[in-house]
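Chemist: Sequence first, then the predicted structure:
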Amino acid sequence: MKESDLRKARNIGIVAHIDAGKTTTTEGILYYTGKVHRLGAVDSGTATMDWMEQEKERGITIVSAATSCEWKGHSINIIDTPGHVDFTVEVERAMRVLDGLVVVFCATGGVQPQTETVWRQANKYGIPRIVFVNKMDRLGADYFRCAEQLESKFGASPAPVYIPYFNGETFAGVIDLIEMELELPDTEGEDGRTRTAIPDECMENAAAWRAKLIERLADKSDEIAEMFLEEADISKDILRKAIRETTIRSGLVPMFCGTSMKDIGVQSLLDAVNEYLPSPLDVPAVVGADRKTGESVVWETDDSEPLAALAFKIAREPHVGHITYVRVYSGVMKKNSRVYNSVNGKMDRVTRILRMNANRWEELEELSAGGIGGVIGLKTVNTGDTLTDENSPVVLGNITFPEPVISMSIEPASKGDQQKMSAALHELAKEDPTFKVEINNDIEQTIISGMGELHLEIVTDRLKREFNVDALTGKPKVAFKETVSRSVESEGSYVKQSGGRGHFGKVILRVEPLQPGEGFVFATDVKGGEIPQEYFSSVQKGVEDAMKTGVLGAYPVIDIAVTLLGGAFHEVDSNDQAFRIAASIGLKNALRKARPILKEPIMKVEIDVPEEFVGNVMQDISSRRGRLAEMESVAGARRVIAAMVPLSEMFGYSTVIRNCTQGRGNFSMEFHSYQEVPRTVSESLLKKGA
């Protein structure tokens, strides 16, 4: 792709909390760019991007969907992501490959739990973003409260570039603070809008907000700061240039508003994507590690560079098999070409390349540097794998995903479908890295794990619809973990003689607790050659084996540091297997001595209720071992209660909240952290075999 074309390319994501209007906003974008010829609706199941039957039935986005469109000479690749926390994997892998984001806020809800999650994810990947405050036509809509929350909750630098215009009490349009014009919807207009002078009664407020915009820019841009201090006239072009530069480099967050359902503000949002979000040339060049030497490799976004592409999503399509979604960072990926998977060292073939439009596509001959598309034919690729030229193998950073927090047993309704079900679950696990399948041989059950009840519900529904497998499921169970509360040293040995060559391994381990979320750290401090270095990796593997099942309730062990201090070996009988088993025994011994404790997933729950029901809800939360984090008053005599509650206490809560509030309350929750289970509760859970 030519540099001039790349300058006008955008790879963006649309992210939001559930029900903020994200998919409706995407639908408006597709309509005004001519991609679709009539506006679909989420509630009626006609939205372009919500194509799965489960999405149409529930009115929510479950899987991210990719599409592309053009606006004023710019080509825009869009990934529309789910807003429900159970499907956060879709957001995480999209973030890894995007250059810019549109974060959609509900004008009445403001910053909501999943908004916080996607904001943290965007910070992790350093993605520039703009904010679109949707549903400004709703009672209690407050655009400027959203700006305040951005600053107070995220430490962001919000900069309203457009502000809302009300005709009396009715939201009627938006005011452009750069052009100082009023933008109104107009079906007769060239792109569904018309521009006119700002009414006299609104001019003073608009001028004040324009001055605030310039002040905000002066904090981020030396050029604007100098002109501001000199009280020089700042042209529109200089303002736009400064907004673009500070958005991409300095964390400014331009803000826009509208109501996607009524076609107000979508066109100005599209203008903002072109003007303020980065092209592939505006973001840092891709950095990878040479597969052979491990040295850092930097390749520019250029077709002439060697191929470097990241597979960020795998989706099953019944008619063509798996579609692998890729972002090409450098080089060109061509149809019918061979590519090298630098993660597993295998060659693969690209048979077809697609430009995606949700569940439809058009064929391409190639995918250039900076492009995002679908690939058919890849057999050896998993999510996060790097595709390169065989002669220039480089590994791009992988994608990390959260661990499942809930599990349940599953079995086919017909015993004859066991093999069919196993194959189907394998297919679904290949698509979704947060969905795990495990065969528990002790109880002869298949256990599936995921991010929440809805996640597993969708999996079982897909089994029936897509794979024709009726499945019976057990009661959901929480994914408890175990850890230690003190530092100990312990020995483990494995000695076995069988007449010939035997097995001999002995280790001394120190096990220490880590801070929550630090995972597992392995180190060695062996002196005097008590154990040859060649066995260190076997010791680590043995420790990791033992961590899969703890000593309290056979739950996985987390947040520990293990140091190999020493041990003994035999010149003839020592081998990798002996040290692996010895390490596993040594860790089990240490866990028993280190005051093991049970940990459970704690969810951040946000409950929106009318004021008269606050007491009922708070009493119920307290009975669930919940802890109040904060409470906020919002428009319409309602309160938003944020609380930390154990996941084990939240099953079936949707029915409870309806009963507690006469059907007028709603809630959302997301994983927050693993915390220690109170001893009395722990003892009760372990007795029940939770």
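Modeler: Cool, got the structure. Numbering: from 1, shown residues only.

Chemist: Every contact and neighbour count from this point should use C-alpha atoms.
Modeler: OK.

Chemist: and the longest strand for this structure?
Modeler: Longest strand of the chain, by residue count under DSSP state E: strand 596-610.

Chemist: Which positions within it qualify as buried?
Modeler: 596-610 (16 or more other CA atoms under 10 Å).

Chemist: Which of these sits closest to Glu188?
Modeler: Nearest to Glu188 among the buried residues of strand 596-610: Asp608, at 40.1 Å, using CA to CA.

Chemist: Would you agree the closest one is in contact with Gly663?
Modeler: No - counting by CA atoms under 8 Å, Asp608 sits too far from Gly663 to count as a contact (11.5 Å).

Chemist: Glu600 - nearest residue in space that isn't next to it in sequence?
Modeler: Of all residues not flanking Glu600 in the chain, Phe480 sits nearest, at 4.9 Å (CA to CA, 6 or more residues apart in numbering).

Chemist: my guess is the one you found contacts Ile602, does it?
Modeler: No - with contacts defined as CA under 8 Å, Phe480 does not count as touching Ile602, sitting 10.5 Å away.

Chemist: Which strand residues bridge Glu600?
Modeler: Beta-bridge pairing for Glu600 (DSSP bridges): Gln675.

Chemist: For it, give its distance to Ile238.
Modeler: 53 Å (CA to CA, to the nearest Å).

Chemist: and what of Asn357?
Modeler: Asn357 is 36 Å from Ile238, by CA to CA.

Chemist: now Leu598
Modeler: Between Leu598 and Ile238 the computed distance is 58 Å (CA to CA).

Chemist: that older thread, neighbour-wise, which of Asn357 and Ile238 wins?
Modeler: Using other CA atoms under 10 Å as the criterion, Asn357 and Ile238 rank with Asn357 on top: 20 against 12.

Chemist: lowest average confidence, helix or strand, in the chain?
Modeler: Of all helical and strand segments in the chain, the minimum by mean pLDDT, DSSP states H and E falls on helix 53-58, at a mean of 63.

Chemist: ok, then the element right after the longest helix anywhere in the chain?
Modeler: Longest helix of the chain, by residue count under DSSP state H: helix 200-220. Beyond helix 200-220 in the direction of the C-terminus, DSSP states H and E gives the next helix or strand as helix 222-229.

Chemist: Check what contacts that following helix and list those residues.
Modeler: Residues outside helix 222-229 that contact it (CA atoms under 8 Å, 6 or more residues apart in numbering) are 214-215, 217-219, 233-234, 242.

Chemist: low-confidence ranges in the stretch 401-550 of the chain?
Modeler: Applying pLDDT under 70 to the stretch 401-550 of the chain flags residues 440-444, 498-500.

Chemist: now the helices for it?
Modeler: Secondary structure of the stretch 401-550 of the chain (DSSP state H, counting those that start in this stretch): helices located at 418-431, 453-467, 536-547.

Chemist: What are the buried residues along the shortest one?
Modeler: Residues of helix 536-547 classed as buried by neighbour count (16+ other CA under 10 Å): 536, 538-547.

Chemist: where does the stretch 251-400 of the chain dip in pLDDT?
Modeler: Using pLDDT under 70, the flagged stretches of the stretch 251-400 of the chain are 359.

Chemist: Could you say which helix or strand holds Leu685?
Modeler: helix 679-688.

Chemist: what sits up against whichever strand or helix holds Ile12?
Modeler: Per DSSP H and E, Ile12 falls inside strand 9-16. For strand 9-16, contacts defined as CA under 8 Å, 6+ apart pick out 22, 26, 74-83, 91, 94-95, 98-105, 114-115, 118, 273-274, 277-280, 371-372.

Chemist: tell me the angle of the very next helix or strand once past it relative to strand 9-16?
Modeler: Using DSSP H and E, the helix or strand that follows strand 9-16 towards the C-terminus is helix 22-32. Per axes from the mean of the first three to the mean of the last three CA atoms, to 10 degrees, the angle that helix 22-32 makes with strand 9-16 is 140 degrees.

Chemist: other SSEs contacting the one helix or strand Ala582 maps to?
Modeler: Using DSSP H and E, Ala582 maps to helix 576-593. When contacts are defined as 3 or more CA pairs under 8 Å, 6 or more residues apart in numbering; DSSP states H and E, helix 576-593 sits against strand 488-496, strand 503-513, helix 536-547.

Chemist: JSON lines for these, including distance to Val286?
Modeler: Formatted as JSON lines, the helices and strands packed on helix 576-593 follow (distance: least, CA to CA, whole Å):
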{"stretch": "strand 488-496", "distance to Val286": "44"}
{"stretch": "strand 503-513", "distance to Val286": "37"}
{"stretch": "helix 536-547", "distance to Val286": "32"}
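
Chemist: Any figure for the gap between the spatially most central residue of the chain and Gly450?
Modeler: For the chain, the residue nearest the mean C-alpha position is Glu92 (2.6 Å; CA atoms, centre = their mean). According to CA to CA, Glu92 and Gly450 sit 15 Å apart.

Chemist: likewise Val328?
Modeler: From Val328 over to Gly450 (counting by CA to CA), the distance is 30 Å.

Chemist: In contact with Glu530, which residues?
Modeler: Contacts of Glu530 (CA under 8 Å, 6+ apart): 566-569.

Chemist: wait, what's in contact with the spatially closest residue to Tyr674 that is not a sequence neighbour?
Modeler: If the residues on either side of it in the chain are set aside, Tyr674 comes closest to Pro601, at 4.5 Å by CA to CA, 6+ apart. Residues near Pro601 by CA under 8 Å, 6+ apart: 405, 478-480, 646-647, 671-675.

Chemist: Quick one: buried ones out of those?
Modeler: Among the contacts of Pro601, those classed as buried by 16+ other CA under 10 Å are 405, 478-480, 646-647, 671, 674-675.

Chemist: Pipe those into a markdown table and attach distance to Leu139 per row.
Modeler: Shown next, in a markdown table, are the buried ones among the contacts of Pro601 (distance: CA to CA, whole Å):
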| residue | distance to Leu139 |
| --- | --- |
| Val405 | 37 |
| Val478 | 39 |
| Ala479 | 41 |
| Phe480 | 42 |
| Pro646 | 34 |
| Leu647 | 33 |
| Phe671 | 31 |
| Tyr674 | 38 |
| Gln675 | 39 |
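
Chemist: what about the helices in the stretch 51-200 of the chain?
Modeler: 53-58, 88-95, 113-125, 143-154, 200-220.

Chemist: Report whether Asp233 is found in a strand, as I expect.
Modeler: No - with DSSP: H, G, I helix; E, B strand; the rest coil as the criterion, Asp233 is coil rather than part of a strand.

Chemist: Next, give phi and psi for it.
Modeler: phi -70, psi 130 (degrees, to the nearest 10).

Chemist: who touches Leu472 in this structure?
Modeler: 410-413.

Chemist: Pipe these into CSV and attach neighbour count and distance to Val320 per row.
Modeler: As requested, these are arranged in CSV below (neighbours: other CA atoms under 10 Å; distance: CA to CA, whole Å):
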residue, neighbour count, distance to Val320
Ile410, 18, 28
Glu411, 19, 28
Pro412, 19, 26
Ala413, 14, 28
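
Chemist: Show me the residues you listed that map onto strands.
Modeler: The strands, defined by DSSP E, take in 410-412 from those.

Chemist: Let me have these in a markdown table, extended by distance to Asp620.
Modeler: Below are the ones in strands among the contacts of Leu472 laid out as a markdown table (distance: CA to CA, whole Å):
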| residue | distance to Asp620 |
| --- | --- |
| Ile410 | 31 |
| Glu411 | 34 |
| Pro412 | 37 |
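
Chemist: Closest one of those to Leu552?
Modeler: Nearest to Leu552 among the ones in strands among the contacts of Leu472, with distances taken as CA to CA, is Ile410, at 24.4 Å.

Chemist: Please name the bridge partners of the closest one.
Modeler: Thr446, Thr473.

Chemist: so what's it up against?
Modeler: Ile410 neighbours (CA under 8 Å, 6+ apart): 445-448, 471-474.

Chemist: And Cys257, by the same measure?
Modeler: Counting by CA under 8 Å, 6+ apart, Cys257 has contacts 132-134, 136, 143, 162-164, 174, 265.

Chemist: can you tell me which of the residues you listed lies nearest to Pro532?
Modeler: Phe132 (60.0 Å).
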